[in-house]
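**Student:** Sharing a sequence plus its predicted fold:
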Amino acid sequence: MNLQLPEIQTLKLLTADGKVLFSTRVVRLFAYGLLSVVLALYLAEIGLTETQIGLLLSLTLAGDVVVSLAITAAADRIGRRVMLQLGAVLVIFAGTVFAWSRYLPLLTIAAIIGTISPSGNEVGPFLAIEQAALTQTLPVKSRTQVFAWYSLVGSLATALGSLCGGALAQSFRQVTGRALDGYRAVIVLYASLGMALLILFARLSPATEIEKSSASSAPAAEPRSTGMLGLRRSRGFVIKLSGLFMIDAFAGGLIVQSLVAYWFYVRFGVRPALLGGIFFGANIFAGVSALAAARIANRIGLVNTMVWTHIPSNILLMLVPLMPNLPLAIAVLIARFSISQMDVPTRQSYTMAVVDPEERSAAAGVTNVARTAASALAPLVTGGLFGAALLSLPFFLSGGLKICYDVLLFRSFRSIRPPEESSSPQRH
């Protein structure tokens, strides 16, 4: 193996704090993948209807909007490490309540206040704060590559979590004879991993916090940030970008991993262990695609990479429900995942590159919260469609909306380049 590859050399740039943040990313995404395979099945097993499941998952994402915005807005002022630890406490709280209660109002409270990922993807305040901390410790030319590794390890962790979640649920079912025991064991493990996050975040050093010297050097007549969003010069750009991200996120929320797993269960009668295997393979391919994104972006640019890899993946998404049998449906789903995540590290890197350094936490928080807010309504739509026996429609709606997002993104931002792509970039 050629250890001089730029992808390998980039990893040497990680500081001790960077390694901790990569570790927390692995633990967190493993927990999310673990839960996503069985969450909808568990809620159905304790007696919730498909419409109630969709509503609860929507409330999970809606509550995350408010909590995440509050935490990320305060992170630079109060402390990034403290806010990350608070997020870990919310993981523990939500996992504990979901594991031991069937009472819908209590589950609803835990869904709104706590941190639960029905998609296997990032939720909560973690991503925005970690992105800002990583960015300030990296050379500009290495940012996209490090974000690609960050995305890759997350996808691999999600894949492993999906595999373990399905296998654990199946094993408990075989031992106890009850599916509920297996699903509950997975959720208890999810809560335990929240405790691991709490311990890991405590190891972060003061180097991950915003530099107070740069804040204090700002002119007294011009505050460093304005308004509740914590944005000043980057506000217009971030709001416009967030609006487009909301289209993509709503479309993605229609086919969150928990609901796709449920679709495979209803359509083909797939057992939890096989569901875990399906999403293990899918997320492995997604992770590898994220790493390849950095090389493509170096050749054609961040915006072009986001758009021209995303459109084919959405066409494949719409083909999944048209497949006549399980093997073909799995093959198309995995093909879709193999290119679906190339826009993730490029999107994150682009956002961090084109906003002012002192506004990065706020910008990441606003864009991530916008995505979560838009995706919050989508599971409710999908739950209603599933309840009406329209199992395939969410795939077509999702793919079509995502293609619209790609076209609008390209038209709006192709001329706004990050510093590394232009000696005189057009700024917002």
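**Tutor:** Cool, the structure landed. Residues are numbered from 1 along each chain as shown.

**Student:** Show me what the longest helix seen in the chain is packed against.
**Tutor:** With DSSP state H setting the assignment, residue counts place helix 143-176 as the longest helix in the chain. With contacts taken as 3 or more CB pairs under 8 Å, 6 or more residues apart in numbering; DSSP states H and E, helix 143-176 sits against helix 6-11, helix 16-36, helix 126-135, helix 179-201, helix 272-300, helix 343-354. All C-beta spots, glycine's among them, are computed from the backbone N, C-alpha and C.

**Student:** closest to residue 158 out of those helices?
**Tutor:** Comparison of the helices and strands packed on helix 143-176 against residue 158 by CB to CB identifies helix 16-36 as nearest, at 3.6 Å.

**Student:** center of the chain, which residue is that?
**Tutor:** residue 122 (2.7 Å; CA atoms, centre = their mean).

**Student:** Could you double-check that that one lies in contact with residue 29?
**Tutor:** Yes. With contact defined as CB atoms under 8 Å, residue 122 and residue 29 form a contacting pair (7.5 Å).

**Student:** Find residues that contact each of those two.
**Tutor:** Residues touching both residue 122 and residue 29 (CB atoms under 8 Å, 6 or more residues apart in numbering): residue 154.

**Student:** for residue 303, what are its contacts?
**Tutor:** For residue 303, the contacting residues are 346, 350, 409, 410, 413, 414, 416, 417, taking CB under 8 Å, 6+ apart as the criterion.

**Student:** could you point out which element follows the helix or strand hosting it?
**Tutor:** With elements taken from DSSP states H and E, the one containing residue 303 is helix 302-319. Downstream of helix 302-319, the next assigned helix or strand under DSSP H and E is helix 326-340.

**Student:** got a list of contacts for that next one?
**Tutor:** Counting contacts by CB under 8 Å, 6+ apart, the residues outside helix 326-340 that touch it are 260, 264, 267-268, 270, 278, 281-283, 285-286, 288-289, 309-310, 312-313, 316-317, 319-321, 323.

**Student:** same thing with stretch 241-256?
**Tutor:** Outside stretch 241-256, the residues that reach it (CB under 8 Å, 6+ apart) are 36, 57, 61, 118-121, 317, 347, 351, 366-367, 370-379, 381-382, 394-395, 397-402, 404-405, 408-409, 412-413.

**Student:** which SS class is the residue nearest to the centre of the chain?
**Tutor:** Under DSSP: H, G, I helix; E, B strand; the rest coil, the three-state class of residue 122 is coil.

**Student:** For residue 348, see how far away it is.
**Tutor:** From residue 122 across to residue 348, the span is 10 Å (CB to CB, to the nearest Å).
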